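Student: Any chance you can model this:
(chains A and B)
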Amino acid sequence: MLVVKALTKRFGTNTAVDNASFTVDEPKMIGIIGRSGAGKSTFLRMMNRLTDASSGELSFEGRDVLTLTGRARREWQADCAMIFQQFNLVPRMDVVSNVLHGTLGRRSTLATMFNLFPRDDIHRAIDILERLGVAEHAAKRAEALSGGQQQRVAIARALMQDPKIILADEPIASLDPMNAQTVMEALRRIHEEDGRMVIANLHTLDTARRYCDRIIGMRDGRIVFDGTPAQLTTGVARDIYGAGADFSEGATSTAINDHEPVEEAERLIAKVQV
Amino acid sequence: MSFVETDFRANYVALVARKRLYGGIMLAIFALLMISGFTLADSRNAGGFWDGILNVFDFPAAVWEDTAPKLDQLPGHLVTYFPSLVETLNIAAVATLVGTIFGTLLSLLSTRGIARWPRLTGLFRRVMDIMRAVPEIVVALVLIFVLGGGPVPAMIAIAFHTSGALGKLFSEVNENADLKPVEGLASVGARWGQRMWLGIIPQVSPNYFSYALLRFEINIRASAILGFVGAGGLGYELKNAMSWGQGKYDEAAAIFILLFLTIVFFDQISSHIRNRLTGEGAH
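Tutor: Next comes the predicted model:
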């Protein structure tokens, strides 16, 4: 289905993604983990074609993604929705308009200028908002919503594209734990109910473990781990993050559960302060 | 420790002394330029500056002499010239509108990060430089020669200059625009025009509007001046009334009053609107 072969991206002398290869045979929910600067974002941006790759191949259902141009490239972008850490909505426009932007790849510029969206699309946009539980904010400006609501609007925009793949670049990194959970559950539901592939960059291990079927670990641009959540032991995680023996998952956890992780985090902080 | 301190003090005193020296040199150069420029201008002047300065008030006096006895006709003159005023305002309004459209396009094409063709930003910037550098009156003179007198050449001339001037200001506004919405739109496969229209324009439009209003004020003055070279409107009437020895200074006075009131009116209105715009939507 998705085949990535020796994908590489260089910025000057710095290699952001180094010879990354993997294949995905069926729509799965995949989490990519790794510390900041490991190349996770660059990889997703290359997939969506926001950034051009330096070398390598990427094909989806036989489509050679990296060589697409013009109309074909816009069609691919319609099939491959993206969700950003900072939501990247148009803040001054209302929520439904933002969701309707998902159809821009099929719209002419002139129709866009006069705000001519078909009535069916408008109804569909509101249905999607309903599904994600933010329909009551439909007429508000996007900037008036909370972070978690904005991210759900961004997911609605992605669904409006009716994509085959949803890429999520740190979708919960600027959200509080409650909203993070809502957003992750929404992504998981979309994967299960619609059968769409979801690839999410995550920076908390427990999130990746809980919501993903498969986890890919990146370090300094290379893929250093590729397996199931069960295979991701603490030792492996230490390798991915390049951390020492005092590394603990609980310290970065954003989950709302027992007190243990919090206590552990506090103990760690106390240790640092000494 | 103390050694370092004294060293530091000495350095700072030297720095201050150097700054003072530069300031003094700048002042000397400035004074020299002033004096030499003035003597040159004075020697080239037809009558000589010091002889002419005493006659400065002759013209207002002549205007007053013509107007005072016919003061009752002044309201009539104001009505007579009102259509020309409307023409002048029309030229300015259309030119501002056209200039804003072209300025917007040029500014988007010349802002790094959002340009359609990133390698051509330099080219579009130079185009705007040229458009800005050529004064309206030069363009108008050429166009009047080609197209004949009238409001259209004046409109084109002002629109040309306005595109360049507003393009520069707009592109500075664009540089401060948030690119996140643009990236979001790019990810769904939106074209450049769609990204600009939905991602950039909503953010920058209050600032654009404020600059366009400011330009409208300037263009009213420009359009009045262009009348002098035969582009119609109030300036044309003023030139006719002011020509020597016709005894029509009372009409000139009426035109001066109209022009003054109009400019004050639009200055006030536009500064009021701009204050409100930058008050609420500024970022």
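Student: for chain A, what are the nearby residues on the stretch 101-250 of chain B?
Tutor: Residues of the stretch 101-250 of chain B lying near chain A by C-beta under 8 Å from any C-beta of the partner chain: B:178, B:180-181, B:183-191, B:193-194, B:197-199, B:202-203. No exception for glycine: its C-beta is placed from N, CA and C like everyone else's.
Student: taking those one by one, which sit in helices?
Tutor: Applying DSSP state H to these, the entries found in helices are B:K180, B:P181, B:E183, B:G184, B:L185, B:A186, B:S187, B:G193, B:Q194, B:P202, B:Q203.
Student: Against B:S187, how distant is the first one?
Tutor: Here B:K180 is placed at a distance of 11 Å from B:S187 (C-beta to C-beta, to the nearest Å).
Student: And the last one, by the same measure?
Tutor: B:Q203 is 18 Å from B:S187, where distance means C-beta to C-beta.
Student: the more surrounded of the two?
Tutor: Taking neighbours as other C-beta atoms under 10 Å in any protein chain shown, B:Q203 and B:S187 compare with B:S187 leading, 30 against 22.
Student: Skipping adjacent residues, who's closest to that one in space?
Tutor: Of all residues not flanking B:S187 in the chain, A:M82 sits nearest, at 3.8 Å (C-beta to C-beta, 6 or more residues apart in numbering or on different chains).
Student: who touches the nearest residue to A:A173 once chain neighbours are set aside in this structure?
Tutor: With sequence-adjacent residues excluded and distances taken as C-beta to C-beta, 6+ apart, A:A173 is closest to A:Q85, at 4.9 Å. For A:Q85, the contact set (C-beta atoms under 8 Å, 6 or more residues apart in numbering or on different chains) comprises A:D169, A:E170, A:P171, A:A173, A:S174.
Student: from the residues you listed, which ones fall inside strands?
Tutor: Judged by DSSP state E, these include A:D169 as members of strands.
Student: Widest-spaced pair of the contacts of A:Q85?
Tutor: A:D169 and A:S174 (11.4 Å; C-beta to C-beta).
Student: The two: which has the busier surroundings?
Tutor: Taking other C-beta under 10 Å, A:D169 and A:S174 do not tie; A:D169 has more neighbours (25 against 16).
Student: what's near enough to touch that one?
Tutor: A:K40, A:S41, A:L44, A:R45, A:M82, A:I83, A:F84, A:Q85, A:N201.
Student: secondary structure element for the third one?
Tutor: When you say that, I think you mean A:L44. Taking DSSP states H and E as the definition, one finds A:L44 inside helix A:40-48.
Student: So is that helix next to chain B?
Tutor: Yes. Using C-beta under 8 Å from any C-beta, helix A:40-48 comes into contact with chain B via A:N48.
Student: continuing past that helix, what's the next helix or strand?
Tutor: Per DSSP H and E, the first helix or strand lying C-terminal to helix A:40-48 is strand A:55-60.
Student: Buried residues of that next one, list them for me.
Tutor: Using 16 or more other C-beta atoms under 10 Å in any protein chain shown as the test for burial, strand A:55-60 gives A:G56, A:L58, A:S59, A:F60.
Student: Any stretches of chain B with poor pLDDT?
Tutor: For chain B, the stretches flagged by pLDDT under 70 are B:1-5, B:46-48, B:244-245, B:278-283.
Student: quick one on the thing from earlier: which among the residues of the stretch 101-250 of chain B next to chain A count as buried?
Tutor: Here, 16+ other C-beta under 10 Å leaves B:180-181, B:183-191, B:194, B:197-199, B:202-203 buried among those.
Student: distance of A:V96 from A:A138?
Tutor: In terms of C-beta to C-beta, A:V96 sits 5 Å off from A:A138.
Student: and these two? which has more neighbours close in?
Tutor: Taking other C-beta under 10 Å, A:V96 and A:A138 do not tie; A:V96 has more neighbours (23 against 17).
Student: Secondary structure element for that one, which one?
Tutor: helix A:95-100.
Student: Which neighbouring elements make contact with that helix?
Tutor: Judged by 3 or more C-beta pairs under 8 Å, 6 or more residues apart in numbering or on different chains; DSSP states H and E, helix A:95-100 is in contact with helix A:119-131, helix A:147-160.
Student: what helix or strand does B:M128 sit in?
Tutor: Per DSSP H and E: helix B:121-133 holds B:M128.
Student: tell me the angle the next helix-or-strand element following that helix makes with helix B:121-133.
Tutor: Note on helix B:121-133: by DSSP H and E, the next helix or strand toward the C-terminus is helix B:136-147. Interaxial angle, helix B:136-147 versus helix B:121-133 (axes from the mean of the first three to the mean of the last three C-alpha atoms, to 10 degrees): 90 degrees.
Student: how distant is stretch A:226-233 from the center of its chain?
Tutor: 19 Å (C-alpha atoms, centre = their mean, to the nearest Å).
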